[in-house]
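Chemist: 3D, please:
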Amino acid sequence: MSSVEILSKNLNSKPLLKIGGAFDAMSAKLVELNNFDGVWASSFAISATHALPDTSIMTMTEFLGVTKSMVDSCKLPVIADCDTGFGGTANISHMVKKYEDAGVAAVCIEDQVFPKKNSLLENSHHELIAEKEFVSKIIAAKNAKKDPNFIIIARTEALIANVGMKEAIKRALAYEKAGADAILIHSKK
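Modeler: Below is the predicted model:
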């Protein structure tokens with residue numbers, strides 16, 4: 001069974017998954033050795049190991065290289081935190097193809113403006129892209145994937161941007177309708 005199939009099966013059968021964050025092949029292996037269900041290839045952690053802030057400085061190719069080493073080092077499904085998707089719809093399509101070819105089980109994209117700001121910064125103003133623009137990114141991601149089980153996670157930063165739960169739910173429903181396989185409503189609370 002492929003890592004994509006394992007993650008898909010677990011999402012549909014388990015009430016709760018334990019996903020451990022990683023920043024390189026060694027930390028991914030440690031996640032596996034500690035009986036997690038999957039690896040979160042954290043853009044924050046990967047940026048930090050390069051002594052860079054989590055603000056869209058590293059390229060897709062750089063993140064992909066680190067994430068591919070995680071895939072190669074362990075048998076767990078790897079979920080790649082792809083921030084804002086590295087650009088517009090054409091970039092999203094390219095990104096999905098590359099990450100899927102690398103053996104990643106899922107990608108997560110968020111609805112912040114580019115360049116993104118780390119969601120956990122105190123006293124920082126966060127802006128969201130228009131809902132319609134993010135919906136087009138989700139559609140591009142869905143159309144780019146080859147394996148129907150490859151998972152697209154849509155992450156809304158509505159609570160981080162302080163626009164409220166009503167907006168977060170509205171966006172989540174729009175993203176689900178656009179074809180996202182999973183929704184992540186991110187919050188500092």
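Chemist: hey, let's count contacts and neighbours off CA atoms from now on
Modeler: Noted.
Chemist: And the pLDDT for the closest residue to A144 other than its chain neighbours?
Modeler: Spatial nearest neighbour of A144, excluding adjacent residues (CA to CA, 6 or more residues apart in numbering): S93 at 5.1 Å. At S93, the model reports a pLDDT of 98.
Chemist: got the buried residues for whatever helix or strand I6 lives in?
Modeler: In this assignment (DSSP states H and E), I6 forms part of helix 3-13. Within helix 3-13, the residues that count as buried by 16 or more other CA atoms under 10 Å are S3, V4, E5, I6, L7, S8.
Chemist: Tell me what the residue nearest the centre of the chain is bridged to.
Modeler: The geometric centre of the chain, computed from its C-alpha atoms, lies nearest to C108 (CA atoms, centre = their mean), at 1.9 Å. For C108, the beta-bridge partners are D81, I153 (DSSP bridges).
Chemist: isn't it right next to I152, touching?
Modeler: Yes: using CA atoms under 8 Å, C108 is in contact with I152, at 6.2 Å.
Chemist: residue contacts, S73?
Modeler: A25, M26, A28, K29 (CA atoms under 8 Å, 6 or more residues apart in numbering).
Chemist: ok, and the second one, which helix or strand is that part of?
Modeler: M26 is located in helix 25-33, with elements delineated by DSSP H and E.
Chemist: For the protein, which segments count as helices?
Modeler: Taking DSSP state H, the helices of the chain run over residues 3-13, 25-33, 43-49, 60-73, 89-101, 131-144, 165-178.
Chemist: and S119, which of these is closest to it?
Modeler: helix 43-49 (9.7 Å; CA to CA).
Chemist: which regions of this structure lie under the pLDDT threshold?
Modeler: 121 (pLDDT under 70).
Chemist: Go again with 50.
Modeler: Applying pLDDT under 50 to the chain flags no residue at all.
Chemist: Need the outlier residue of it, farthest from its centre.
Modeler: Residue of the chain lying farthest from the centroid, by CA atoms, centre = their mean: N123 (23.9 Å).
Chemist: From K117, how far out is that residue?
Modeler: From N123 across to K117, the span is 12 Å (CA to CA, to the nearest Å).
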